[in-house]
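> here's my sequence, what's the structure:
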Amino acid sequence: MRPEDTDMEDTTAHELEDAVLQDTDPVEAPAQMTPDEIEALLEECDDQSRRCIEQLLAECIEAGESRQRALADFKNFQRRSAENELRMNLIASSGVLRAVLPVLDQLDMALKQDLEQVSSEQILEGVQIVRSEMDKVLAEQGVDRIEPAVGDEFDPNQHEAMLKQEADGVETGHVTSLLQVGYRKSDQILRAAKVAVSP
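Below you'll find the model as predicted:
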């Protein structure tokens, strides 16, 4: 078969398809009947047909009302779910904030000290007390510290490499120093530990 024969066949096929599409009327959705038209139709029907149509109409009305009730119930469910989620978040955050308040009290007490009558050792001791209180609060909330030791293998899930740093006796890809402690709660990393890694 020659290429020009194939082109002629394709052209003929497209022309036939266009002609069919032009001759075919688009399918239109049936017009909705008015109550008067339905009443006139019922008067023309026999008793059995009328009862069937009336039953179908009653079922359609009931289905529509059921749909409206279901939509209203679903909207109420969404509203209640959003309110419950907001309430639970408020309760959870309130518990954390209440636990932090004693730490703030310790800081307020430290700030009220007369610096002329307090030694640097006493200031350091006060800071350590506040730090201990904060550790206690975090522990009560299920928060653990992430403190990789020198020589531990670098874990990208818990550690963030800040720089490459050589260290004697530390293998490649292992921690050489801890730059900042990380924190996690259960399996959720709140903040990765920042470390230096042996190249």
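> helix or strand for the residue nearest to the spatial centre of the chain, which one?
With distances taken as C-alpha atoms, centre = their mean, E85 lies nearest the centre of the chain, 12.8 Å away. E85 belongs to helix 47-111 when elements are defined using DSSP states H and E.
> give me the helices and strands touching that helix, please.
helix 35-44, helix 120-140 (3 or more C-beta pairs under 8 Å, 6 or more residues apart in numbering; DSSP states H and E). Every residue, glycine included, has its C-beta placed from N, CA and C.
> contact partners for I189?
I146, N157, Q158, G182, Y183 (C-beta atoms under 8 Å, 6 or more residues apart in numbering).
> low-scoring stretches of the chain, by residue?
Scanning the chain for pLDDT under 70 picks out 1-31.
> before we move on, the earlier item: of all the contacts of I189, which two lie farthest apart?
N157 and Y183 (13.8 Å; C-beta to C-beta).
> okay, the two: which has more neighbours?
More neighbours surround Y183 than the other of N157 and Y183, with 16 against 8 (other C-beta atoms under 10 Å).
> can you pull the contacts of L41?
By C-beta under 8 Å, 6+ apart, the residues touching L41 are M33, I53.
> how far away is it from A149?
L41 is 87 Å from A149, where distance means C-beta to C-beta, to the nearest Å.
> kindly report the same for A82.
A82 is 45 Å from A149, by C-beta to C-beta.
> next one: Q128
Distance from Q128 to A149, by C-beta to C-beta: 22 Å.
> surely V170 and A149 touch.
No: at 10.7 Å, V170 does not count as touching A149 under the criterion of C-beta atoms under 8 Å.
> more neighbours: which of the two?
Neighbour tally, V170 and A149, criterion other C-beta under 10 Å: the higher count belongs to V170, 18 against 9.
> list the contacts for the closest residue to that one other than its chain neighbours?
Of all residues not flanking V170 in the chain, S198 sits nearest, at 4.5 Å (C-beta to C-beta, 6 or more residues apart in numbering). Counting by C-beta under 8 Å, 6+ apart, S198 touches K164, Q165, E166, A167, V170, E171, T172, G173, H174, V175, T176.
> try L42
R50, I53, E54.
> got it, and N89?
N89 touches nothing, counting by C-beta under 8 Å, 6+ apart.
> now it: how far from S186?
Distance from N89 to S186, by C-beta to C-beta: 18 Å.
> any chance of the backbone angles for A161?
When read as degrees, to the nearest 10, the backbone of A161 gives phi -80, psi 120.
> which residues are in contact with it?
Applying C-beta under 8 Å, 6+ apart to A161 gives the contacts F154, V195, A196, V197.
> 6 Å instead, please
Contacts for A161 (C-beta atoms under 6 Å, 6 or more residues apart in numbering) come out as V197.
> bridge partners for it, pull those for me.
When bridges are called by DSSP bridges, A161 pairs up with V195.
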